[in-house]
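# got a sequence here, can you build the structure:
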Amino acid sequence: KDKMNIDREDLVGKFEATTDFEKEVADALEKAGAESEKDIARWERAELMGEDGADADINADDDDAMAALDDDLGGNRISLEEYKKRHGELAKMRALMFYEEQKRHHINKIKSKKYRKIRKKQRERRSEAEKIFAAR
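Got it, this is the predicted structure:
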């Protein structure tokens, strides 16, 4: 099967504001001077760092850091070691979740068996009481 290679830049480039809310947000971003996503990210980073906001000087080191953070849809690659580590963690979490699910199912089954047993005894007592009452 052929998979389409779509990256974030293609999606963002084709986007057009259609709803009123999208148009309002686009206008607000344009007024704030944010032409690209990187401008917005720089402004947010400057705000978080306690600088003057959009007027803050951002050097080349920040551009490298921004490129590292620019991985919304998996544009950046990870190393084989990192992949194996993540894969192992996910497999462990899946195994733990499956174990917990099986355990919860088993406990609920035991509970429902006990509930049915109690209800059966109640029905038997009730039917015996009705038989005794009817015999009088």
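# where does pLDDT dip in this structure?
1-6, 8-9, 12-13, 35, 50-77 (pLDDT under 70).
# so how far is whichever helix in the chain runs longest off the chain centroid?
Scanning the chain for the longest helix, with DSSP state H as the assignment, gives helix 80-135. Offset of helix 80-135 from its chain centre (Cα atoms, centre = their mean, to the nearest Å): 28 Å.
# and if you look at stretch 23-38?
Distance of stretch 23-38 from the chain centroid (Cα atoms, centre = their mean) equals 27 Å.
# so which bits of that stretch are buried?
By 16 or more other Cβ atoms under 10 Å, the buried positions in stretch 23-38 come out as 29, 34. From N, CA and C alone the C-beta is placed, and that goes for glycine too.
# only C-alpha atoms, please: export it in PDB.
Taking Å, rounded to 0.1, in the frame of the first residue of the first chain, the C-alpha atoms of stretch 23-38 are listed here in PDB:
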ATOM      1  CA  LYS A  23     -11.400  34.000  11.000                       C
ATOM      2  CA  GLU A  24     -11.400  35.700  14.300                       C
ATOM      3  CA  VAL A  25      -8.300  33.800  15.500                       C
ATOM      4  CA  ALA A  26      -6.500  34.400  12.200                       C
ATOM      5  CA  ASP A  27      -7.200  38.100  12.400                       C
ATOM      6  CA  ALA A  28      -6.000  38.200  16.000                       C
ATOM      7  CA  LEU A  29      -2.800  36.400  15.100                       C
ATOM      8  CA  GLU A  30      -2.200  38.700  12.100                       C
ATOM      9  CA  LYS A  31      -2.700  41.800  14.300                       C
ATOM     10  CA  ALA A  32      -0.200  40.400  16.800                       C
ATOM     11  CA  GLY A  33       2.300  40.100  14.100                       C
ATOM     12  CA  ALA A  34       2.600  36.300  14.000                       C
ATOM     13  CA  GLU A  35       2.900  35.400  10.400                       C
ATOM     14  CA  SER A  36       4.200  31.900  11.000                       C
ATOM     15  CA  GLU A  37       4.100  29.200  13.600                       C
ATOM     16  CA  LYS A  38       7.700  29.800  14.500                       C
END
